[in-house]
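1. based on what follows, work out the 3D shape:
(2 chains)
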Amino acid sequence: DVKVTQSSRYLVKRTGEKVFLECVQDMDHENMFWYRQDPGLGLRLIYFSYDVKMKEKGDIPEGYSVSREKKERFSLILESASTNQTSMYLCASTRQSTYNEQFFGPGTRLTVL
Amino acid sequence: RKEVEQDPGPFNVPEGATVAFNCTYSNSASQSFFWYRQDCRKEPKLLMSVYSSGNEDGRFTAQLNRASQYISLLIRDSKLSDSATYLCVVGAGNMLTFGGGTRLMVKP
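-> Below you'll find the predicted structure:
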C-alpha cells in the first residue's frame, strides 16, 4: 500500500520564520510534487522533482525552495514565511509516467501569524 | 481563464439521484484525464481515469470529449458516502493540472 507521509498535520509559524515541510514516500517513486490548496483556487503546483537533486519550478514557486537529497524525501522550504503563505500544503508522488496516478500525503495546514 | 474549469457547486441531491459534473480544459495537448475525490479535510485520491472511449466503474461513468475539450462524471444512485469534492484533473507530460473541484452533498 502506497504511503506518502508529511512531517506535520498542523503548523503555526510567525512572519519571517524559516519553515521546513518534509515529505517521505515509500514506493520508490521517481516524481515528487509540492502543491498548495486554497479555497476557490484549487491545487496549485509549487515545485516538482523528477529525480534526486533535480527540481523544477511549478506555477507559483516565488517564496519557496525545495530540496531532494534522497529519492524518498522531498522538502519544501519557506525561507521567510509570510501571512499569504498560510495554506494547506500537499505533497504527492508518482512513477515516471504520464498516466500514473499521483498519491498524496495527508497535507500540512500551515498558519503564518 | 483557468486551465481546468469546474462548477464549484455545491450540488445538493437526494439519495438515489443521478448527478453529473462537467469540466472543461484549455490545453489541447493534454494527454491524460482523471477524476479525483477529496473528502473534507483529507487529501485527494484517484477516483478513476478517463479514457477516450469512456469508462464505467460501478455507479460511476466518465467520458471525454477531446474535440470540445470537456470531461464528464456521472454518478448514479447517489449514496450519502458520495458526499465529497470531485476534482477534474488533466495531465500533459508528467504534470497534472487540477480544477477547483465540484462539491457534492447527498442528503437522506
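2. can you give me the helices for chain A?
-> Under the criterion DSSP state H, chain A carries no helices.
3. from chain B, how far out is the most centrally placed residue in it?
-> The centroid of chain A falls nearest to residue A:34 when counting by CA atoms, centre = their mean (2.8 Å). Note on residue A:34: its distance to chain B, by CB to the nearest CB, to the nearest Å, is 13 Å. All C-beta atoms are positioned from the backbone trio N, CA, C, and that covers glycine.
4. report the beta-bridge partners for that residue.
-> residue A:47, residue A:91 (DSSP bridges).
5. that one contacts residue A:46, doesn't it?
-> Yes. Residue A:34 lies in contact with residue A:46 (CB atoms under 8 Å); the separation is 4.5 Å.
6. joint contacts of these two?
-> Common contacts of residue A:34 and residue A:46, defined by CB atoms under 8 Å, 6 or more residues apart in numbering or on different chains, comprise A:58, A:64, A:66, A:76.
7. for chain A, list the residues in contact with chain B, please.
-> A:31, A:35, A:40-43, A:45, A:48, A:50, A:90, A:94, A:96-99, A:101-102, A:104-107 (CB under 8 Å from any CB of the partner chain).
8. from the shared contacts of residue A:34 and residue A:46, pick the one nearest residue B:73.
-> Residue B:73 has its nearest neighbour among these in residue A:58, at 25.7 Å by CB to CB.
9. need the contact list for the closest one.
-> Contact partners of residue A:58, counting by CB under 8 Å, 6+ apart, are A:33-35, A:44-48.
10. centre of the chain to stretch B:22-30, how far?
-> With CA atoms, centre = their mean, to the nearest Å as the basis, stretch B:22-30 stands 13 Å off its chain's centre.
11. can I get the shared contacts of residue A:34 and residue A:46 in CSV with distance to residue A:15 and pLDDT?
-> Output for the shared contacts of residue A:34 and residue A:46, formatted as CSV (distance: CB to CB, whole Å; pLDDT from 0 to 100):
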residue, distance to residue A:15, pLDDT
A:58, 24, 93
A:64, 16, 98
A:66, 21, 97
A:76, 18, 98
